[in-house]
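A.B. asks: Attaching a predicted model along with its sequence, questions to come.
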Amino acid sequence: MTYKNILLNKENYVSTVTLNKPERHNAMDAASLREFSQCIDELTNDDETRAIIITGSGRFFCPGMDLGAVAQAVDDPMSIDMGRSTLLQPFGLAQVVPTCLRACYKPTIAAVNGAVAGMGLAMICHCDYRIASEQATFTPGFISLGMAAELGLTYILPRLMPLPVALEFLSTGERKDAGWAERFGLVREVVPPEGLMPAAQTLAGKLAKMPPLALQTLKQLIYQALETNFDVQLRTEGHASSILTQTEDYKEGVLSFLEKRPPVFRGR
């Protein structure tokens, strides 16, 4: 599929999704949201994609929702009734960001090249891995607009960083730099700007070499574990293992170990 506001590149089982609306600093409107959701869904079901990198063009990753587009979509964008009368358009539509990323069973890596705020922050938080440029900044955004956090941020942020830090971050809306994000676990690594995509591609390459079915199952198991108890998770792991041992990848893993050679996994 051809996208207007997204650049999509596929190479060596790694797909790179670049938000590409530089005239609006990659801010998202309804059309961009639909494209992003369709793109992630496409890659989720693409056998030639084993890992996904998400980044932005230019100096911004994504500053959030395009408030100019929101203003055009409603008669009075500052009205308290806006959220009620336009529940599904455009703010409700923004929920495709967390939902499509959580439904994606391929590993997702946010390569944070610049400023993120609001929806952009939610987008990177719902990725599995986050690597940041030294130039990246992080701003919740919602509280300064008279809104509480949304798009799953109150769910995911306290799972990525200490709860008091997440609460203060969302409550004050203060902009934070990449060093702060790394210190409190929001990103796994901070690199110079020129090293961002190589670092993301290196991680994606490692993940793409893993057995796809096992890696996808592992991701689903880990996220499920956030919502269940030990006994249920133990049974679920056992059930998953019984299925995976019937795959060609499992047989290849065992055989390559015995033959002392690198495995070649085919996702079957």
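C.D. replies: Noted; the coordinates are in hand.
A.B. asks: all helices for the stretch 51-200 of the chain, in order.
C.D. replies: 67-73, 82-85, 96-103, 119-125, 153-160, 163-172, 178-183, 196-208 (DSSP state H, counting those that start in this stretch).
A.B. asks: what's the pLDDT at the spatially most central residue of the chain?
C.D. replies: Central residue of the chain (CA atoms, centre = their mean): residue 127, 2.4 Å from the mean position. According to the prediction, residue 127 has pLDDT 97.
A.B. asks: and it, what is it in contact with?
C.D. replies: 54, 101, 108, 109, 110 (CB atoms under 8 Å, 6 or more residues apart in numbering). Bear in mind the C-beta positions are built from the backbone N, C-alpha and C, glycine included.
A.B. asks: which residues does the second one contact?
C.D. replies: What that stands for is residue 101. Taking CB under 8 Å, 6+ apart, one finds 40, 108, 123, 126, 127 in contact with residue 101.
A.B. asks: what's the answer for the first one, then?
C.D. replies: Residue 54 sits next to 16, 17, 19, 108, 109, 110, 111, 123, 124, 127 when contact means CB under 8 Å, 6+ apart.
A.B. asks: With the last one instead?
C.D. replies: Taking CB under 8 Å, 6+ apart as the contact definition, residue 110 lies against 54, 55, 61, 123, 124, 127, 129, 130, 131.
A.B. asks: Which of those residues fall in strands?
C.D. replies: 54, 55, 61, 129, 130, 131 (DSSP state E).
A.B. asks: Return the helix or strand in the protein with minimum mean pLDDT.
C.D. replies: helix 82-85 (a mean of 40; mean pLDDT, DSSP states H and E).
A.B. asks: can I see the domain layout of the protein?
C.D. replies: 6-208, 212-258 (automatic domain parsing).
A.B. asks: I appreciate the help and will end here.
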